[in-house]
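**Q** have a look; sequence and predicted model below, questions after that.
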Amino acid sequence: MRILCHAQHLSGVGHFVRMHALACGLNAAGHEVHLVEGGRPVPHLRDAAEPQVVPLPPLARSGGSLVALGSTASVCSVIEERARELARAVERIRPDVLLIDHYPFSKWELDLEIAAAIDAGRACNPAIRVLCSLRDIVRQTRYERADSQAYEERVLAQLRARFDGILVHADPAFTRIEEHFGRCDDFPVGVEYTGFVTHPLPAESGASAAGPHAVLSCGGGAGSLAFLRAAMEAFRRLASGGAVGSMQLIVFASAAADTSELEELETAAGNGPFQIRRFGPDFERCLHNSAISISRAGYNTCATLLRSRTRALLAPDPVMSDQGFRARRFAELGLAAVVEGNPPDVGALMAAVEATLVSPPPRHGFAVDGVARTRALVEAVDTWSSSR
């Protein structure tokens, strides 16, 4: 099969990380896979089955609005150029499957380029299947500016006009799309669950090797410096009181962190039991081997926690539409402790860390083989998707 994967990360990096894992898994199975890259560069471990890249002029979100990276052109003109380039790529590749991340449930700002890709795909290959690729929790965000009824109607209209199926990258025993979208009974296309998407665990390296340690992270989200500093202060106080023994806290800065943010974290660390690291591919191995993870509640971090069964403390980012629900569901299932607040209270963080360290390791039976299951569903797409 020829498969084109489209994901656009605007605020964090989670959409790219998940789609990159899917693209690598599909490519490893012998398919011809192309992955759109049109955002900030994301540091990641190079996979042996890297897909072919379709580069687009990069966009990101800053201050709530889209901005063109490395260009003085207007955002509107950049999106028009992206639409032209993406349509040309589709005409060249002639994909059998288009796998599109989150649209039409979000990413409405990219309507022009996604419509151009789908229309070009159907024009050059009438048998093409267009699939919507969703994370576990799908909620209207502040960027889809419509009331709930208009929002749901627009989602359904786009599914009806342009799509053939929906893949939800979750275990339905953890959450179902019905908990987040009110008109699932009106879906005009089939829905399948893949389990959670996780990357293969990277091999041990000098960078990831460490003695007894905890991990503090905020994923790719910007604006998490206050959270990281609060968690570091909580850990410093616990270490001073002997509550964490000789354990170090490995702190991963945001993927969006610049030099000044890294310098602030180094200053906050002082002579304490901390290692400050850039966001990078050694994160998952460090988390897998850690005594406790302290983090936001983004999809990829939580999927990694499910795979590793690491003791966890979640502090959901209230700006993100999915994190509060995910963190509370983890708590309900005994998979993590949760501390709210932006930033969370230092005392509350201390108490939660102490309680979590002596708790039993989390246990669950949720599927974390989402890459393999997605591959199987894509390969059998004609058996479950709608036919146009």
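**A** The structure has been received and is ready for your questions.
**Q** ok, the closest residue to Phe252 other than its chain neighbours to Ala231 distance?
**A** Once flanking residues are discounted, Phe252 sits nearest to Ser217: 4.3 Å by CB to CB, 6 or more residues apart in numbering. (Each C-beta comes from the backbone N, C-alpha and C, glycine too.) Distance, Ser217 to Ala231, using CB to CB, to the nearest Å: 10 Å.
**Q** which residues are common contacts for those two?
**A** Listed contacts common to Ser217 and Ala231 are Ile294; contacts here mean CB atoms under 8 Å, 6 or more residues apart in numbering.
**Q** enumerate every residue touching Ser74.
**A** Ala68.
**Q** and it, its phi and psi?
**A** Taking degrees, to the nearest 10, you get phi -70, psi 160 for the backbone angles of Ser74.
**Q** and Phe187, how far from His20?
**A** 27 Å.
**Q** with neighbour numbers in mind, choose between these two.
**A** The neighbour comparison of Phe187 against His20 (other CB atoms under 10 Å) goes to His20, with 23 against 18.
**Q** what does the pLDDT read for the more buried one?
**A** Per-residue confidence (pLDDT) for His20: 94.
**Q** so after the strand or helix carrying it, what's the next helix or strand?
**A** Secondary-structure assignment from DSSP states H and E places His20 in helix 14-28. On the C-terminal side of helix 14-28, the nearest following helix or strand under DSSP H and E is strand 32-37.
**Q** so which elements touch that following strand?
**A** Here strand 32-37 touches strand 2-6, helix 14-28, strand 52-55, helix 75-93, going by 3 or more CB pairs under 8 Å, 6 or more residues apart in numbering; DSSP states H and E.
**Q** turn the ones you listed into CSV, including distance to Leu349.
**A** As requested, the helices and strands packed on strand 32-37 are exported to CSV (distance: least, CB to CB, whole Å):
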stretch, distance to Leu349
strand 2-6, 38
helix 14-28, 23
strand 52-55, 40
helix 75-93, 39
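**Q** Arg129: which of those is closest?
**A** Distance to Arg129, taken as CB to CB, is lowest for strand 2-6 among those, at 9.8 Å.
**Q** quick one, the closest one and helix 14-28 angle?
**A** Calculated by axes from the mean of the first three to the mean of the last three CA atoms, to 10 degrees, strand 2-6 forms an angle of 170 degrees with helix 14-28.
**Q** what comes up buried for strand 2-6?
**A** For strand 2-6, the neighbour count (16 or more other CB atoms under 10 Å) marks 3-6 as buried.
**Q** now swap in stretch 156-164 and tell me
**A** Counting neighbours by 16+ other CB under 10 Å, one finds that the buried residues in stretch 156-164 are 156, 158-159, 162-164.
**Q** any chance you could map the helices in this protein?
**A** Along the chain, the stretches classed as helices by DSSP state H are 14-28, 75-93, 111-124, 148-162, 225-240, 259-269, 283-288, 299-308, 323-332, 346-357, 370-379, 381-384.
**Q** residues contacting the first one, please?
**A** Applying CB under 8 Å, 6+ apart, the contact partners of helix 14-28 are 3, 5-9, 33, 35, 37, 39, 42, 44, 47-51, 99, 101-102, 133, 135, 169, 197-199, 219-220, 298-300, 370-372, 374-375, 378.
**Q** alright, I will stop here.
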